[in-house]
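K.L.:
Prediction below, plus the sequence it came from.
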Amino acid sequence: MPLIIVPAGYGKALFNMYNVAEFLANEKLVTWDSVHKSGGKKHSNIVFKRRYKRDRSIKYEVTDKAPDKRSPDWARVVAVFVSGKEWQFKNWPFQGADDGDLVDCFQKVKGFYAQYDTDKAEDIIKKWNVKTLRFQKNVRHGDRAQFEAFWADVDAHLELRRSKLAY
């Protein structure tokens, strides 16, 4: 089952465990703080079925806890939403990750940075090989385009890597 990692914190990152499933499964950005304020629960992991552009459903797992550095689960990690902070990658098993050198990391795992179109990206994002997903802050009809871009990039990345995972 493919694994997607999201930031654990509540800072400026648009996605965390409160709202990421709504985007990945239902094509909508719902702010995590609105989900939190309405009584939504934060789960440690979520499993959802992807049907978009598929003949059959494929299960994906989403978590905000990276696998242990030596875990075989790293073979399942297909994407990560980045927060713009290098410490997010401490104890990741890729060469240079502990030192902030994420070249090897983003060759193996597709990175995404989500931001509002009115916000300025963190400077470090420009140095990383990640796809920026830009959302309109007050209009939701553009969310589907970012949803489609996300899945197109994940699929292309997995095809390029000749992944053996069902995706």
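P.N.:
Good, I have the coordinates.
K.L.:
Can you name every helix or strand that the longest helix along the chain contacts?
P.N.:
In the chain, assigned by DSSP state H, the helix with the most residues is helix 143-160. With contacts defined as 3 or more C-beta pairs under 8 Å, 6 or more residues apart in numbering; DSSP states H and E, the packing partners of helix 143-160 are helix 20-26, strand 77-81, strand 110-116, strand 130-135. Yep, even glycine has a C-beta here, placed from its N, CA and C like the rest.
K.L.:
Next, the angle from that helix to strand 110-116.
P.N.:
Relative orientation of helix 143-160 and strand 110-116, computed by axes from the mean of the first three to the mean of the last three C-alpha atoms, to 10 degrees: 170 degrees.
K.L.:
Work out the gap between helix 143-160 and the centre of the chain.
P.N.:
Distance of helix 143-160 from the chain centroid (C-alpha atoms, centre = their mean, to the nearest Å) equals 11 Å.
K.L.:
could you give the mean pLDDT of it?
P.N.:
Per-residue pLDDT values over helix 143-160 give a mean of 93.
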